[in-house]
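**Student:** A predicted structure for the sequence below; I have some questions about it.
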Amino acid sequence: MSGRLEAVCVSGTDLPAVAGRKPVRTGIDKQLVLGRVAVGEHGLDGDVQVNRKYHGGDGQQVYAYAQEDADWWAAELDRELPPGRFGENLRTSGLDLTLALLGERWRVGTALLEVTAPRIPCANFARFWDVPQLVKRFTARGAPGAYLRVLEVGELGAGDPIEVVSRPDHSVTVDLTFRAWTTQKYRAAELAPALDFLPERNRAKAAARIAARTVPAV
């Protein structure tokens, strides 16, 4: 399996503020970067995560969104959605990110990345796009993109192939995880085989949900 890296984006230091009862700075507005970009253990060089409670850290160093899913939203909203508008670092093509398995590994440039979780939309995302009910619509659509863990540092750039170099022996996809965390919480126990691949901040909560939904053997 392989795809292509269409664009690389980082937030930089000139961060926009999104409207609300209390305007807040956000790193969601990623800007296109030309040339090669270094991938460190904390993510892409030049990228900024403002709210470290929900963004960045183990398993969320990099965020990927597919061009195919961006095209769907562009048609749905009748607007241009260039790379970076989803808050993604990597705009990809040729891979179905929704059906990616937690724990599958990608070689992109000289970096090695691992799929860890879906992105859960937040109010700042809706305010940034200025689209009513965007969180509800994004959740219903169910094409959340994929968070990635940096396993090996390196560099990457637009045009690089994305090679899926390994896939774990389970069936826990980004889609299943997204649904189990949002509209189908009764499916939490199905995430058990992939618990160790989740971002570190999500594991304890996921384990508790799994335990609550698991029927004891008799």
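**Tutor:** Okay, I see it.
**Student:** three-state assignment of the residue lying closest to residue 172 once chain neighbours are set aside?
**Tutor:** Nearest non-adjacent residue to residue 172, counting by CB to CB, 6 or more residues apart in numbering: residue 194, 3.7 Å away. For the C-beta atoms, the positions are set from N, CA and C on the backbone; glycine is no exception. Three-state call for residue 194 (DSSP: H, G, I helix; E, B strand; the rest coil): helix.
**Student:** quick check: residue 194 touching residue 174?
**Tutor:** No: the pair residue 194 / residue 174 is not scored as a contact, 10.2 Å apart, by CB atoms under 8 Å.
**Student:** these two: who's more crowded?
**Tutor:** residue 174 (26 against 22; other CB atoms under 10 Å).
**Student:** report the helix or strand with the lowest average pLDDT across this protein.
**Tutor:** Lowest by mean pLDDT, DSSP states H and E among the helices and strands of the chain is strand 24-25, with a mean of 52.
**Student:** helix or strand right after that strand?
**Tutor:** Reading on from strand 24-25 to the C-terminus, the next helix or strand found by DSSP states H and E is strand 31-32.
**Student:** returning to that earlier point: and for residue 194 and residue 174, which residues touch both?
**Tutor:** 101-102 (CB atoms under 8 Å, 6 or more residues apart in numbering).
**Student:** what's the helix or strand for the residue nearest to residue 62 when sequence neighbours are not counted?
**Tutor:** Counting by CB to CB, 6+ apart, residue 148 is the residue found nearest to residue 62 once chain neighbours are left out, at 4.2 Å. Taking DSSP H and E as the definition, one finds residue 148 inside strand 146-152.
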